[in-house]
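Colleague: Here is my input; please provide its structure:
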Amino acid sequence: MIDIHLHILPGVDDGPASLSDALVLARSLVQEGVQMAVATPHYNDEYPQRPAREIFERVQDLQRELDRCAIPLRLLAGHEALIQPGLAEDISSGRLATLNGSRYLLFELWNSSWLPETEQVIFQLRALGVVPVLAHPERYHVIQQDSNRLKALLEQGVLAQLTAGSLVGMQGNTVRKCAETLLKRGLIHCIASDAHGPGRRPPAITQGMQVAERILGRLQAAHMIEMHPAAIVQNQELSVFTTTTPHR
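Modeller: Numbering: from 1, shown residues only. Presented below is the predicted three-dimensional model:
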């Protein structure tokens, strides 16, 4: 399994506060079956906007600790960027990190409102050759109210990443129902943990994948946690129209 959305770098955002907490989270991921993961600290105004180079160096530092502790998890670097004007420029200047330096950028929307410039920012990213990957679409009010809002983003060239814990109610029933709807409609490309720590927001990948398998079937669910994330971190082509249909 490859986890493309994870908050594991200690002392960077709302993920682990200490190295020991980060190591506990890493062990939890390995127990869930994750072998490779992208550290994606927040890139917004709430936390210091640490440049891509610093994130890469922090990932290397944590990888050395993982190796020293014999934790078999390979870490890669990235960001989770809040949608806002200027993201294309931030990538070009080296401030904003894509997923493992690939063409794919993990981004998030505002939870309770729709930024008017959303489509324009996505257009600018696509013009730069960047493929935006929308984190946890099931958590946004506008998509909960109308899943066609996500379909429209996919038609603009966006991929969608569902959070495993959402499928087991970790974010409430409204989020769980939306997550199931998006899967059934074939609007999801990847499933990730969005884990922040073993206590506050654990990975829940095993439980989430069990639900996904019931909806989609084992093979199609596996594509979302194995094959599609592998294509992303290896910078391979992944069509936004690589959608799935529910298992019959």
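Colleague: mind listing the strands in this protein by residue range?
Modeller: 2-6, 36-39, 42-43, 74-77, 80-82, 104-108, 131-135, 159-163, 190-192 (DSSP state E).
Colleague: Using JSON lines, please lay out those strands together with mean pLDDT.
Modeller: Shown next, in JSON lines, are the strands of the chain (pLDDT from 0 to 100):
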{"stretch": "strand 2-6", "mean pLDDT": "98"}
{"stretch": "strand 36-39", "mean pLDDT": "98"}
{"stretch": "strand 42-43", "mean pLDDT": "98"}
{"stretch": "strand 74-77", "mean pLDDT": "98"}
{"stretch": "strand 80-82", "mean pLDDT": "98"}
{"stretch": "strand 104-108", "mean pLDDT": "98"}
{"stretch": "strand 131-135", "mean pLDDT": "98"}
{"stretch": "strand 159-163", "mean pLDDT": "98"}
{"stretch": "strand 190-192", "mean pLDDT": "98"}
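Colleague: Check which helices and strands the helix ranked longest in the chain sits against.
Modeller: For the chain, the longest helix by residue count, based on DSSP state H, is helix 52-68. Secondary-structure packing of helix 52-68 (3 or more CB pairs under 8 Å, 6 or more residues apart in numbering; DSSP states H and E): helix 19-32, strand 36-39, strand 74-77. (Glycine included, C-beta is placed from N, CA and C.)
Colleague: Reformat the ones you listed into JSON lines and put mean neighbour count and distance to T206 next to each item.
Modeller: Shown next, in JSON lines, are those (neighbours: other CB atoms under 10 Å; distance: least, CB to CB, whole Å):
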{"stretch": "helix 19-32", "mean neighbour count": "19", "distance to T206": "5"}
{"stretch": "strand 36-39", "mean neighbour count": "26", "distance to T206": "15"}
{"stretch": "strand 74-77", "mean neighbour count": "20", "distance to T206": "19"}
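Colleague: Including distance to A230, could the ones you listed go into CSV?
Modeller: Shown next, in CSV, are these (distance: least, CB to CB, whole Å):
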stretch, distance to A230
helix 19-32, 16
strand 36-39, 8
strand 74-77, 12
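Colleague: still on that earlier bit, list the contacts of the longest helix of the chain.
Modeller: With contact meaning CB atoms under 8 Å, 6 or more residues apart in numbering, helix 52-68 is reached by 8-10, 12, 19, 22-23, 26, 39, 41, 50, 73-79, 94-97.
Colleague: Quick one: residues contacting L106.
Modeller: Neighbouring residues of L106 by CB under 8 Å, 6+ apart: I4, H5, V38, T40, G78, H79, E80, A81, L99, V133, A135, Q161.
Colleague: which residues of the protein score low on pLDDT?
Modeller: Residue ranges of the chain with pLDDT under 70: 240-248.
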